[in-house]
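K.L.:
Kindly return the folded structure for what I paste below:
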Amino acid sequence: MDADVFDRLVALLTEAKAKFRVIEHEAEGKSEAISTIRGNRPDQAAKAMVLDVRGGGGGRRHVLAILPGSRKLDFAAVAALFEARKCGFASPETAQQITGCVMGAVPPFALDPALTVVVEEDLLANETLFFNAGRLDRSMELDTKDWLAVAKPRVARIAARA
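P.N.:
Numbers count the residues shown, from 1 in each chain. Got it, this is the predicted structure:
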């Protein structure tokens with residue numbers, strides 16, 4: 001299952017002529033630890049989290065929130081952004097079903113049309129982004145402009161203030 005997501009990502013980025021490189025490493029899914037292994041700053045890491053957003057005009061939906069690896073999510077900001085009453089993490093089973101990935105391996109792309117992507121605008125200050133690429137033992141470094149062109153995220157302030 002995880003290899004399929006990795007292969008789909010490589011195909012998607014290759015087709016888009018994106019500038020990226022694959023990084024092979026020991027299996028790791030925690031943002032701080034994987035940043036150390038890859039040699040990138042935690043704020044360059046695109047941490048992806050599947051959220052369950054409920055209530056309001058849109059009913060229940062799933063959102064893929066992308067944050068710098070060094071930041072925490074502001075659930076209230078995401079709820080407000082989607083005019084919802086509640087926002088929380090999707091269950092690990094739901095997240096795995098939607099993304100095809102285990103927790104910690106989810107890339108910052110919505111490969112399932114059920115997901116809406118929203119990114120913390122501070123992450124976009126980086127020239128390149130680092131992220132787990134559908135597997136715990138594979139990461140990518142990707143040009144931020146290319147990520148924006150392919151992922152087409154909604155840009156907002158969704159990280160908690162430090």
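K.L.:
What are the boundaries of the strands in this protein?
P.N.:
Secondary structure of the chain, counting by DSSP state E: strands at 20-24, 46-54, 61-68, 86-89, 115-120, 128-135, 138-143, 154-156.
K.L.:
Sheet partners, orientation included, of the longest one?
P.N.:
Meaning strand 46-54. strand 61-68 (antiparallel), strand 86-89 (antiparallel) (DSSP bridges).
K.L.:
Need those strands in JSON lines (columns: mean neighbour count).
P.N.:
For glycine as for every other residue, the C-beta is placed from the backbone atoms N, C-alpha and C. What follows is the strands paired with strand 46-54, written out as JSON lines (neighbours: other C-beta atoms under 10 Å):
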{"stretch": "strand 61-68", "mean neighbour count": "24"}
{"stretch": "strand 86-89", "mean neighbour count": "16"}
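K.L.:
With mean pLDDT and distance to residue 100 added, can I get the ones you listed in JSON lines?
P.N.:
What follows is the strands paired with strand 46-54, written out as JSON lines (pLDDT from 0 to 100; distance: least, C-beta to C-beta, whole Å):
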{"stretch": "strand 61-68", "mean pLDDT": "96", "distance to residue 100": "12"}
{"stretch": "strand 86-89", "mean pLDDT": "95", "distance to residue 100": "18"}
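K.L.:
can you tell me which of those strands comes nearest to residue 148?
P.N.:
With C-beta to C-beta as the measure, strand 61-68 is the member of the strands paired with strand 46-54 nearest residue 148 (10.9 Å).
K.L.:
Relative to residue 135, which of the strands paired with strand 46-54 is closest?
P.N.:
strand 61-68 (17.2 Å).
K.L.:
Now do that closest one against strand 128-135: the angle between them, please.
P.N.:
On the basis of axes from the mean of the first three to the mean of the last three C-alpha atoms, to 10 degrees, strand 61-68 is oriented at 130 degrees to strand 128-135.
K.L.:
picking that back up, would you mind giving the strands of the chain as JSON lines with distance to residue 107 added?
P.N.:
As requested, the strands of the chain are exported to JSON lines (distance: least, C-beta to C-beta, whole Å):
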{"stretch": "strand 20-24", "distance to residue 107": "11"}
{"stretch": "strand 46-54", "distance to residue 107": "6"}
{"stretch": "strand 61-68", "distance to residue 107": "9"}
{"stretch": "strand 86-89", "distance to residue 107": "17"}
{"stretch": "strand 115-120", "distance to residue 107": "11"}
{"stretch": "strand 128-135", "distance to residue 107": "5"}
{"stretch": "strand 138-143", "distance to residue 107": "8"}
{"stretch": "strand 154-156", "distance to residue 107": "17"}
